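> need coordinates for the below:
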Amino acid sequence: MLLACLCAGRLDAQDASSSPPPASAPATESEPALTHRQPALTKPPASELISLTVPIGTPLRVLLDHEVRVEKVGQPIHGRTSEPLYAFDKLIVPVGAEVTGQISNIEEISGGKRTAAALDADFTPPHKIHVEFNELILPDGKHIPIRTVVTPGSGEVMQLVTAADEKGQKNAPPSPVAQKTKEAKEAAKRDWEAAKTMVKEPGKMHKLGRYAVAQLPVHPQYIDAGTIYFAELQQPLDFGTEPMTPKMIESLNAAPPPGSSVRAILTTPLSSATTKKGDEVEAIVAQPLFDEGRLILPQGSRLNGTVLQVQHARRLSRNGQLRIVFHEISLPDGVPRKVEANLEGVQAGQDQHLKLDAEGGATATPSPTRFVVTAAYVGLGAVSFLGDTFGDTGPREAGSAGGYKLIGIGLGAAIHSQQFGMAMGVFGAGRSVYTNFIARGHDVVYPKNTAMEIGIGTRTGAVPKPAAQNPTNE
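Okay, here's the model as predicted:
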């Protein structure tokens with residue numbers, strides 16, 4: 001539609017060239033409004049309409065506001081939108097709009113997984129839960145039926161991760177670009193915190209009780225409050241039209257000012273395990289960018305970029321790394337223009353332990369509890385070697401508990417053999433050491449529809465050289 005507007009403007013310009021010049025003096029090239037204007041565009045169309053339609057494939061980001069105890073297929077679930085939904089430059093669905101749906105499928109558990117869980121004293125291992133959302137309720141009470149498909153990678157409790165500040169720049173007076181970038185990151189944090197206030201989070205005692213129940217051999221399964229789903233629309237939502245004004249045409253021809261930050265949705269799933277250096281990356285602007293009231297980038301604009309650096313996770317708990325940059329932006333149906341943009345913030349699962357450096361490069365960091373967990377298992381294994389110090393049964397059961405929890409404790413009590421308890425203790429300690437310090441680390445994963453904060457013209461220094469690529473798949 002925007003391309004049609006521009007073409008119409010060019011035709012009007014050609015007609016104007018054959019007619020007498022207007023009485024008023026023409027604008028000079030020194031005027032700011034003409035600095036980034038297309039040369040052929042001299043007269044904007046007067047009465048073009050913009051369709052305010054949310055197209056198929058647009059993701060609704062649904063935040064579950066209550067804990068759900070999983071019981072059966074068809075069980076209703078309730079959430080709220082955690083990100084606003086725009087069409088071109090108009091807010092269509094605000095943060096906090098209600099979304100209702102249901103559990104659509106509860107996957108069966110394979111025999112191997114059930115057996116492994118039973119050996120670890122878990123007779124009710126978690127099922128994979130599929131959900132769907134079928135109604136959107138706006139704040140004015142309007143009910144809109146929707147059809148959605150929840151995309152892979154969702155169904156996690158997420159957090160906002162922002163890029164670290166430049167080292168050595170904390171005490172220096174910030175430049176206008178750096179200040180604008182800082183303000184954009186703070187605004188993103190405020191928006192995320194505002195969205196989380198909708199969640200009815202349980203108190204500390206409730207969480208402690210849930211953890212205790214989860215350790216029992218038989219326990220219910222829950223979907224935590226704060227879980228986010230990416231629900232892609234399977235049918236468009238039509239909210240009418242609006243006129244394309246001459247002022248809008250002027251502002252859309254302007255380049256985004258340096259230091260601007262746009263909210264975008266990743267359309268290319270990425271993982272440091274499979275993504276290669278040089279792979280193309282695409283994201284769609286989810287919220288329009290305004291500059292002093294002027295529309296610069298409408299919703300639906302596209303950002304194109306590449307993978308600049310990638311390192312897959314390796315053994316000895318070495319985690320993956322991923323760095324992407326964006327170098328091109330285009331309006332809907334418009335001509336691409338060059339930009340310099342990098343990642344300033346990303347929403348990621350809490351269990352990913354993701355960290356962003358000053359240039360937007362992501363690294364998966366180790367779990368902060370791995371030392372405590374490993375020390376506990378090593379301690380249980382050590383107790384099994386104490387012999388009769390604490391009686392005959394205690395050390396055997398402690399060592400066996402390090403192997404397979406309650407099953408191990410039962411076997412330790414039934415089998416009157418210190419050697420068995422010692423073997424189970426060594427097994428448990430060894431397994432914990434291997435899992436937390438020797439096995440392959442964690443990869444950086446950005447599933448499709450990951451929400452991102454992308455800074456334009458914010459990189460001031462050279463990008464660090466990529467780490468040496470390891471050709472072997474360790």
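
> what about the stretch 51-200 of the chain, any weak spots by pLDDT?
165-181, 183, 185 (pLDDT under 70).

> now with 90?
For the stretch 51-200 of the chain, applying pLDDT under 90 flags the ranges 51, 65-67, 111-124, 151-200.

> that one: helices as residue ranges?
111-119, 176-196 (DSSP state H, counting those that start in this stretch).

> ok, and for the shortest one, which residues are buried?
Translated: helix 111-119. Within helix 111-119, the residues scored as buried using 16 or more other Cβ atoms under 10 Å are Ala117. For every residue, glycine as well, the C-beta is placed using N, CA and C.

> what packs against that helix?
Judged by 3 or more Cβ pairs under 8 Å, 6 or more residues apart in numbering; DSSP states H and E, helix 111-119 is in contact with helix 393-414.

> follow-up on the earlier one: winner for burial among the helices of the stretch 51-200 of the chain?
helix 176-196 (a mean of 16; mean count of other Cβ atoms under 10 Å).

> circling back to that earlier point, so for Arg80, which of the helices of the stretch 51-200 of the chain sits nearest?
Nearest of these to Arg80, taken as Cβ to Cβ: helix 176-196 at 8.1 Å.

> give the next helix or strand downstream of that closest one.
Using DSSP states H and E, the helix or strand that follows helix 176-196 in sequence is helix 204-214.

> direction included, what does the helix or strand hosting Asn342 pair against?
Using DSSP H and E, Asn342 maps to strand 337-349. Strand pairing for strand 337-349, determined by DSSP bridges: strand 156-162 (antiparallel), strand 321-330 (antiparallel), strand 451-456 (antiparallel).

> these: which one's closest to Thr124?
Using Cβ to Cβ, those put strand 156-162 closest to Thr124, at 20.9 Å.

> just the CA trace of the closest one, in PDB.
Only the C-alpha atoms of strand 156-162 are listed here, as PDB (Å, rounded to 0.1, in the frame of the first residue of the first chain):
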ATOM      1  CA  GLU A 156       8.400 -20.700  29.400                       C
ATOM      2  CA  VAL A 157       8.600 -18.100  32.200                       C
ATOM      3  CA  MET A 158      10.700 -15.300  30.600                       C
ATOM      4  CA  GLN A 159      12.800 -12.400  31.600                       C
ATOM      5  CA  LEU A 160      14.100  -9.300  29.900                       C
ATOM      6  CA  VAL A 161      17.800  -9.300  29.300                       C
ATOM      7  CA  THR A 162      19.500  -6.000  28.300                       C
END
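
> low-confidence stretches in the stretch 301-450 of the chain?
In the stretch 301-450 of the chain, residues with pLDDT under 90: 313-319, 330-342, 344, 347-361, 363-442.

> can you check which of the strands paired with strand 337-349 gets nearest to Leu354?
strand 156-162 (5.0 Å).

> show residues contacting that closest one.
Residues outside strand 156-162 that contact it (Cβ atoms under 8 Å, 6 or more residues apart in numbering): 185, 188-189, 192, 224, 226-228, 344-351, 354-356, 453.

> now, of these, which are buried?
Buried among those (16+ other Cβ under 10 Å): 185, 188, 192, 224, 226-228, 344-349, 354-356, 453.

> show me the contacts for the closest residue to Ile438 other than its chain neighbours.
Spatial nearest neighbour of Ile438, chain neighbours left out: Leu316 (6.2 Å); criterion: Cβ to Cβ, 6 or more residues apart in numbering. Leu316 makes contacts with 437-438, 441, as judged by Cβ under 8 Å, 6+ apart.

> ok, Leu316 to Phe88 distance?
50 Å (Cβ to Cβ, to the nearest Å).

> which parts of the stretch 51-200 of the chain are strands?
59-64, 68-69, 76-81, 85-87, 90-93, 98-106, 129-137, 143-145, 148-150, 156-162 (DSSP state E, counting those that start in this stretch).

> pick the most buried one from the ones you listed.
For the strands of the stretch 51-200 of the chain, the highest mean count by mean count of other Cβ under 10 Å goes to strand 59-64, at a mean of 26.

> coming back round to it: for the residue nearest to Ile438, identify the helix or strand it belongs to.
Using DSSP H and E, no helix or strand contains Leu316.

> dihedrals phi and psi, it?
Dihedral angles phi and psi of Leu316 (degrees, to the nearest 10) take the values phi 60, psi 30.

> please apply the same query to Ser251.
phi -70, psi -30.

> what bridges to the closest residue to it other than its chain neighbours?
Spatially, and ignoring its direct neighbours in sequence, Ser251 is nearest to Arg294 (3.8 Å; Cβ to Cβ, 6+ apart). For Arg294, the beta-bridge partners under DSSP bridges are Asp291.

> does Arg294 touch Ala254 like I think?
Yes - in this structure Arg294 lies within contact range of Ala254 using Cβ atoms under 8 Å: 7.1 Å.

> higher neighbour count, the two?
Set Arg294 next to Ala254 and count neighbours by other Cβ atoms under 10 Å: Ala254 wins out with 18 against 14.

> for stretch 72-84, measure first residue to last.
31 Å (Cα to Cα, to the nearest Å).

> now do stretch 262-281
Note: stretch 262-281 ends 16 Å apart using Cα to Cα.

> now do stretch 356-365
10 Å.

> which residues are contacting that stretch?
161-167, 272, 309, 313, 319-325, 342-346, 352-355, 441-444, 446, 455, 459, 461, 463-464.

> so Leu85 touches Leu60, yeah?
Yes - applying Cβ under 8 Å, one finds Leu85 in contact with Leu60, separated by 6.7 Å.

> show me whatever sits in contact with both of the two.
Common neighbours of Leu85 and Leu60 (Cβ under 8 Å, 6+ apart) are Val93.

> do I have it right that Glu280 meets Thr268?
Yes - here Glu280 reaches Thr268: they are 7.1 Å apart, a contact under Cβ under 8 Å.

> compare these two (neighbour count), which wins?
Using other Cβ under 10 Å as the criterion, Glu280 and Thr268 rank with Thr268 on top: 17 against 9.

> check for me that that one belongs to a strand.
No - counting by DSSP: H, G, I helix; E, B strand; the rest coil, Thr268 is not part of a strand but coil.

> show the pLDDT at it.
At Thr268, the pLDDT value in this model is 94.

> ok, now the one 3 residues further on?
According to the per-residue confidence, Ser271 scores 93 in pLDDT.

> and it, how far is that from Gly320?
8 Å.

> which residues do those two both contact?
443-444.

> higher neighbour count, those two?
Gly320 (22 against 17).

> residues touching the nearest residue to that one once chain neighbours are set aside, list them.
Nearest non-adjacent residue to Gly320, counting by Cβ to Cβ, 6+ apart: Ser272, 3.2 Å away. By Cβ under 8 Å, 6+ apart, the contact set of Ser272 is 310-313, 320-322, 364, 443-445.

> one more: Ile324?
270, 281, 305-308, 342-343, 360.

> go on, Ile456?
Here Ile456 is in contact with 256-262, 329, 339-341 (Cβ under 8 Å, 6+ apart).

> and it, bridged to which residues?
Ala341.

> what's the span of stretch 339-359 from first residue to last?
15 Å.

> hmm, I was thinking of stretch 306-323
Terminal residues of stretch 306-323 lie 9 Å apart, using Cα to Cα.

> list the buried residues of it.
Neighbour count says stretch 306-323 has 307-313, 317-323 buried, by 16+ other Cβ under 10 Å.
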